[in-house]
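In: Let's see this in three dimensions:
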Amino acid sequence: MAPISLSIRPAVPDDAPEVLLLVNKAYRGDSSRQGWTTEADLVGDQRIDLEGVLVKINDPTGKLLVAHDEAGKLASCCEIRRQEGKDLGYFGMFAVDPERQGGGIGRQVMLAAEKYAKETLELHRLEMSVIWTRRELFDWYERLGYARTGEKKPFPYHDPTQGRPLRDDLYFEVMVKDI
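Out: Okay, the predicted model is just below:
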């Protein structure tokens, strides 16, 4: 299958409503079950709200990248943010339209994000946090060169902007990659 041609650029405030729909569609609710990145059995409600998307778009320490297909439809997004005072960046809010997962869009966007982090933000490492139960995500990121650090971070149980946890044993495992 030929790779899908994507236009990848930093998001602007006008992109926020479309990004909000994509992220919540990819991670939460029944629509997320069409793809393999669903968190629907782990966390309910929305993944992020419009204000949260706008904060990420306007964050001076990083960029929210959006990827549109040739028809102009949003196919994917991700966040790259510099960790304070370091050449380490954070990669997060990675979403691919669930109806289009498994077709190479995620890999293409991940590689573009790494290039952006290295060349534009002058970062040398990327870090991400993955919910510990998501073995298929660990496997996918490991195939792309990320490694688990053994570090664990608490799940934000008391932050209603992060959704409603459906389990009481959630935490994140940290993964890193030199870029």
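
In: in this protein, which segments are predicted with low confidence?
Out: Across the chain, the ranges flagged by pLDDT under 70 are 1-3, 28-45, 165-166.

In: Please repeat the previous calculation with a cut-off of 80.
Out: For the chain, residues meeting the criterion pLDDT under 80 lie at 1-3, 27-47, 84-86, 159-167.

In: Show me the helices in it, by range?
Out: In the chain, helices defined by DSSP state H lie at 16-27, 50-57, 105-119, 135-143, listed in chain order.

In: Only the buried residues of the second one, if you could.
Out: When you say that, I think you mean helix 50-57. Within helix 50-57, the residues that qualify as buried are 52-54, 56-57, counting by 16 or more other Cβ atoms under 10 Å. Any C-beta I mention is one placed from the backbone N, CA and C, and that applies to glycine too.

In: And these, which is closest to Val19?
Out: Val53 (5.1 Å; Cβ to Cβ).

In: which ones are touching the closest one?
Out: Contacts for Val53 (Cβ atoms under 8 Å, 6 or more residues apart in numbering) come out as 16, 19-20, 23, 64.

In: Need the nearest residue in space to the most centrally placed residue in the chain, chain neighbours excluded.
Out: In the chain, the residue lying closest to the centroid (Cα atoms, centre = their mean) is Phe94, at 1.6 Å. On the basis of Cβ to Cβ, 6 or more residues apart in numbering, the spatially nearest residue to Phe94 that is not a chain neighbour turns out to be Cys78, at 4.3 Å.

In: do you know how far the one you found is from Met110?
Out: 7 Å (Cβ to Cβ, to the nearest Å).

In: follow-up on the earlier one: okay if I get the contacts of Val53 as TSV plus neighbour count?
Out: Compiled in TSV, the contacts of Val53 are given as follows (neighbours: other Cβ atoms under 10 Å):
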residue	neighbour count
Ala16	20
Val19	23
Leu20	20
Val23	23
Leu64	24
